[in-house]
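In: Got a predicted structure plus its sequence, pasted below:
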Amino acid sequence: MARSKVRKLFSAERRLIEMRGQEIPGNSAGSGGNGDVVSVDQSQVLAAIRGLRKVIEEKVTPKMPDDLPEVSTLKEQLRDLRDHIEETKKEIASIRHPDETENRLTSAAIELGAIVDATEQATHRILNATEEIDELVDKLKERSSDVGANEMLDELSTKTIDILEACNFQDISGQRTTKVVKIINFLEQRILSMIDIWGADEFAEVEIERDALDGDAALLQGPQHEGQGIDQNDIDALFD
């Protein structure tokens with residue numbers, strides 16, 4: 001009977017055999033001192049290589065099952081992040097939708113500016129009227145010799161001074177309102193920047209919730225700003 005081809009074991013094969021708890025061929029008492037020579041065939045060599053590869057892969061490749069707590073937590077956080085992004089888009093669209101001509105921030109800034117202008121005009125009228133009253137009081141005091149009447153006129157002059165001092169509110173409120181307008185303009189620029197980052201197309205399908213207006217609320221759009229709406233002369237012309 002022909003003997004099988006013999007070869008020397010590689011160190012990797014010897015290590016695999018040791019890891020399996022098997023005895024290394026050739027180390028037995030009947031080996032005759034040839035512990036490094038063993039009778040094998042090709043199928044055994046291939047099986048040994050496959051086994052060694054499997055052991056190496058198990059040692060090197062980390063296991064990442066989907067049911068790990070860390071993986072589940074990460075997936076949940078990603079879903080929350082996606083939901084927050086969509087909600088942010090919705091809120092931005094409700095303030096400044098790229099496809100709409102109405103701009104709530106710009107409208108708010110315009111309204112505040114109109115308040116400043118109207119307050120300034122009213123304050124100037126109050127100041128002018130108060131100064132005229134004070135001048136009339138001085139003239140009355142020159143013509144009156146009644147002590148009681150002059151005392152009342154002096155008290156009236158004091159009240160006009162109180163009115164003049166109180167009108168200082170307009171300057172302070174105007175400055176504060178102007179700061180608010182600047183903040184609104186800053187927010188508008190930041191929102192426009194975010195829209196540019198995402199792209200206007202991302203807001204095409206975003207639904208905007210509108211406040212339902214019924215009755216007179218749906219008709220009232222005033223007061224109109226200067227240069228807008230119908231002029232009083234146009235209304236008078238309808239009745240001519």
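Out: Happy to help now that I have it.
In: switch to C-alpha atoms for all contacts and neighbour counts from now on
Out: Will do.
In: Report the rounded mean pLDDT for stretch 119-136.
Out: Averaging pLDDT along stretch 119-136 yields 91.
In: Just the buried residues of that stretch, please?
Out: Using 16 or more other C-alpha atoms under 10 Å as the test for burial, stretch 119-136 gives 119-120, 123, 127, 130-131, 134.
In: Which members of those residues are positioned in helices?
Out: Using DSSP state H, the subset of the buried residues of stretch 119-136 located in helices is 119-120, 123, 127, 130-131, 134.
In: Quickly list the domain ranges of this protein.
Out: For the chain, the structural domains run 6-60, 102-207, going by automatic domain parsing.
In: Which two among the buried residues of stretch 119-136 are spaced furthest apart?
Out: Thr119 and Asp134 (22.3 Å; C-alpha to C-alpha).
In: Tell me which residues touch Arg53, please.
Out: By C-alpha atoms under 8 Å, 6 or more residues apart in numbering, the contact list for Arg53 is empty.
In: Which pLDDT does the model give it?
Out: For Arg53, the predicted pLDDT is 78.
In: can you tell me which of the domains of the chain comes nearest to Arg82?
Out: Between Arg82 and the domains of the chain, the shortest separation by C-alpha to C-alpha is 13.6 Å, and it involves domain 102-207.
In: just checking, Phe203 touches Glu91?
Out: No: Phe203 lies out of contact with Glu91 (C-alpha atoms under 8 Å); the separation is 10.7 Å.
In: Show me the strands in this protein, by range?
Out: For the chain, the strands defined by DSSP state E cover 6-8, 37-39.
In: weakest of these in terms of mean pLDDT?
Out: Taking the mean pLDDT of the strands of the chain, strand 37-39 comes last: a mean of 46.
In: which of the domains of the chain is buried the deepest?
Out: Among those, domain 102-207 has the highest mean neighbour count (mean count of other C-alpha atoms under 10 Å), at a mean of 14.
In: what ranges of the chain fall below the confidence cut-off?
Out: 1-10, 12-13, 19-42, 57-68, 97-102, 206-238, 240 (pLDDT under 70).
In: Would you map the helices across this structure?
Out: For the chain, the helices defined by DSSP H cover 11-19, 42-60, 69-95, 104-143, 147-166, 169-198, 216-219, 232-238.
In: which helices and strands does the fourth one pack with?
Out: Of the remaining helices and strands, those touching helix 104-143 by 3 or more C-alpha pairs under 8 Å, 6 or more residues apart in numbering; DSSP states H and E are helix 147-166, helix 169-198.
In: Appreciated, that's everything.
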